[in-house]
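> this is a predicted model, with the sequence first.
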Amino acid sequence: MTMIARLLCAVLLTTLGCAGVSKAQTEKRPPNLIVILVDDMGYADVGFNGCRDIPTPHIDSIAEQGVRFTSGYVTYAVCGPSRAGLITGRYQDRFGFSRNPTIDPSNPNAGVPLSEKNIAELLKPTGYRSMAVGKWHLGTHPTLRPLVRGFDEFFGFLSGGHDYRPEKLTLEDLSQVKHKWDWYRTKLLHNNERIVIDEYLTDELSNAAVDFIDRQGDKPFFLYLAYNAPHTPLQATPKYLARFDHIADKKRKTYAAMVSAVDDGVGRVLAKLNEKGFDEHTIVFFLSDNGGATNNASRNAPLRGAKGSPFEGGVRVPFAVRWTGTYPAGKTYDHPVSALDIAGTIVAEADAPIAPDKPLDGVNLTPYLTDKKTGPPHERLFWRFYDKNTLFVREGGDKLIHERNDDEAQLYDLARDIGENTNRAAANPDRTAELKRHLAAWAEQLEAPAFPGLGSWKP
Ligand code: CA
């Protein structure tokens with residue numbers, strides 16, 4: 001409708017009504033949000049980042065129909081804290097989520113505290129319906145689980161990893177865990193009910209996601225689809241393994257099959273969106289929760305390091321977004337962006353209220369991706385690895401890693417040295433000191449860890 005027609009309509013509305021213009025057409029509909037989060041996938045293990053031995057056509061289609069981030073970061077190099085940052089849009093060390101939490105279901109502090117809001121909680125007042133599918137890892141205590149943290153539905157498991165074979169999932173709940181890692185074998189939760197599944201876990205998660213989308217209509221929705229693949233244990237089915245006869249290495253072959261199962265699921269999710277007519281109403285993010293791990297045959301090349309590392313291989317991940325009709329197609333975006341920006345984007349697009357004392361660290365990416373704003377979305381991005389006494393920062397092309405007992409620190413020029421081979425700190429003392437000051441000022445804002453780590457629980 002043109003501006004003149006809108007004005008005319010506004011005048012006519014007061015006397016005659018304005019036939020043919022529905023409320024939906026005159027109001028901006030907030031977009032749906034789908035976050036497809038994979039686990040421990042390497043930077044180099046998607047086609048859009050150059051992977052050759054594992055086809056990922058459906059994941060690649062998100063980048064082809066949208067935007068590929070070459071410097072897309074998560075806020076931590078292992079699962080739990082990274083997810084806490086993503087789901088709240090705030091640096092997780094602001095609320096003590098500084099390590100992988102204990103699985104102990106009796107600890108009400110081992111997760112995202114009730115003083116923080118996650119994306120589902122932020123969107124709820126604006127009428128969103130939300131579902132979490134897959135790995136939670138944001139608290140196992142009854143006050144920290146998805147259904148009491150803004151999500152209307154949950155299909156998945158609470159801990160940080162899971163066995164993929166349905167016949168192995170025999171424990172009723174965490175009370176039956178007697179040994180470390182036994183929590184990988186709990187029955188899945190469908191809302192509050194423990195259920196028996198029939199299919200390979202990745203396929204079950206895809207089924208639940210597709211079913212949720214299929215049941216949506218005019219109300220906006222948020223789907224948090226957190227595959228645990230391709231995190232260990234390395235387990236795949238003959239259907240997926242059969243696609244990789246060209247890979248001789250058994251670990252890499254199984255990893256490839258696990259990634260391929262995720263890619264099939266992404267394809268089914270995108271097909272359902274299209275079938276429902278939701279393409280133009282839905283922002284779809286794809287990313288990994290941290291870099292590829294050393295134990296799952298993933299690849300982060302040309303990045304240095306892997307899961308757990310402050311080098312780029314720990315925190316720079318495969319990352320893409322699609323919003324059909326709003327974001328350009330086939331765009332490559334090189335300024336650093338963060339998983340924090342997922343919350344920043346949807347909160348802005350949904351016009352969701354934010355508590356003044358809990359400002360988001362994430363920003364709305366839409367003006368940057370549509371060229372309304374130029375320049376980097378973030379002046380700086382920061383990281384803290386509390387248990388390793390390590391801080392690091394990226395500003396422009398520079399990255400400073402400061403292990404706090406080390407006066408020298410490490411300064412890398414990522415624009416020329418993506419592999420972080422040449423430490424330029426000694427040759428650039430002023431720049432090194434400047435970035436150290438920024439790190440120290442940021443670290444002043446952070447809390448101490450609020451809970452013990454994953455290895456602490458003795459069932
Ligand atoms: Ca992970």
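Perfect, thanks for sending it.
> dump the residue contacts of the residue of the chain at minimum distance from the ion.
The shortest separation between the chain and the ion is 3.6 Å, found at residue 79 (distances taken as Cβ to the ion). C-beta: built from backbone N, CA, C; applies to glycine. Residue 79 makes contacts with 39-40, 100, 135, 137, 160, 231, 289-290, as judged by Cβ atoms under 8 Å, 6 or more residues apart in numbering.
> just those that are near the ion?
39-40, 289-290 (Cβ under 5 Å from the ion).
> returning to that earlier point: which ones among the contacts of residue 79 lie within strands?
Judged by DSSP state E, the subset of the contacts of residue 79 located in strands is residue 135.
> just the buried ones from the contacts of residue 79?
Using 16 or more other Cβ atoms under 10 Å as the burial test, those include 39-40, 100, 135, 137, 160, 231, 289-290 as buried.
> what is the lowest-pLDDT residue among those?
When it comes to pLDDT, residue 160 is the least confident member of the buried ones among the contacts of residue 79, at 93.
> returning to that earlier point: what's the pLDDT at the residue of the chain closest to the ion?
The predicted structure scores residue 79 at 97 on the pLDDT scale.
> over to the one 3 residues further on?
In this prediction, residue 82 carries a pLDDT score of 98.
> cool, and residue 181?
At residue 181 the predicted local distance difference test score is 89.
> which residues touch the closest residue to residue 405 other than its chain neighbours?
Excluding the flanking residues, the one nearest residue 405 by Cβ to Cβ, 6 or more residues apart in numbering is residue 389, at 6.5 Å. Shown in contact with residue 389 (Cβ under 8 Å, 6+ apart): 403-405.
> and what of residue 61?
Residue 61 sits next to 267, 270, 322 when contact means Cβ under 8 Å, 6+ apart.
> mind putting those in CSV, distance to the ion and secondary structure included?
What follows is the contacts of residue 61, written out as CSV (distance: Cβ to the ion, whole Å; DSSP: H, G, I helix; E, B strand; the rest coil):
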residue, distance to the ion, secondary structure
267, 22, helix
270, 23, helix
322, 23, strand
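> can you list these in JSON lines and add neighbour count and pLDDT?
Output for those, formatted as JSON lines (neighbours: other Cβ atoms under 10 Å; pLDDT from 0 to 100):
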{"residue": "267", "neighbour count": "16", "pLDDT": "99"}
{"residue": "270", "neighbour count": "23", "pLDDT": "98"}
{"residue": "322", "neighbour count": "23", "pLDDT": "98"}
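> nearest to residue 93, out of those: which one, please.
Distances from residue 93 to those, taken as Cβ to Cβ, are shortest for residue 322 (30.4 Å).
> who's in contact with residue 116?
Residue 116 is in contact with 88, 90, 95, 358, counting by Cβ under 8 Å, 6+ apart.
> who wins on neighbours among these?
The most crowded member of the contacts of residue 116, judged by other Cβ atoms under 10 Å, is residue 88 (28 neighbours).
> how far away is it from residue 133?
19 Å (Cβ to Cβ, to the nearest Å).
> likewise residue 339?
If you go by Cβ to Cβ, the gap between residue 339 and residue 133 works out to 18 Å.
> give me every residue that touches the residue lying closest to residue 71 once chain neighbours are set aside.
The spatially closest residue to residue 71, leaving aside those adjacent along the chain, is residue 336, at 4.3 Å (Cβ to Cβ, 6+ apart). Residues in contact with residue 336 (Cβ under 8 Å, 6+ apart) are 71-73, 376-378, 381, 394.
> only the buried subset of those, as a PyMOL command please.
Command for PyMOL, covering only those of those found buried under the criterion 16+ other Cβ under 10 Å:
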select buried, resi 71+72+73+376+377+378+381+394
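> sort out for me which of the contacts of residue 336 are in strands.
Cross-referencing the contacts of residue 336 against strands under DSSP E gives 72-73, 381, 394.
> distance to the ion and pLDDT added to those residues, as JSON lines?
Supplementary listing: those in JSON lines, determined by distance: Cβ to the ion, whole Å; pLDDT from 0 to 100:
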{"residue": "72", "distance to the ion": "15", "pLDDT": "98"}
{"residue": "73", "distance to the ion": "14", "pLDDT": "99"}
{"residue": "381", "distance to the ion": "19", "pLDDT": "98"}
{"residue": "394", "distance to the ion": "20", "pLDDT": "98"}
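> how about these in JSON lines, adding distance to residue 123?
Formatted as JSON lines, the entries for the ones in strands among the contacts of residue 336 read as follows, by distance: Cβ to Cβ, whole Å:
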{"residue": "72", "distance to residue 123": "22"}
{"residue": "73", "distance to residue 123": "23"}
{"residue": "381", "distance to residue 123": "24"}
{"residue": "394", "distance to residue 123": "29"}
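> looking at those residues, spot the one nearest residue 222.
Nearest to residue 222 among these is residue 72, at 20.0 Å by Cβ to Cβ.
> thought the closest one was touching residue 287?
Yes - A contact is recorded between residue 72 and residue 287 when judged using Cβ atoms under 8 Å, the distance being 6.3 Å.
> who touches both of these two?
Taking Cβ under 8 Å, 6+ apart as the contact criterion, the residues that touch both residue 72 and residue 287 are 317-320, 339.
> which one of the residues you listed has the most neighbours?
In terms of neighbours by other Cβ under 10 Å, these top out with residue 317 at 31 neighbours.
> now do the helices in the protein.
Under the criterion DSSP state H, the chain contains helices at 3-15, 23-26, 57-64, 79-88, 119-123, 201-214, 238-241, 250-275, 312-315, 340-350, 366-369, 429-443.
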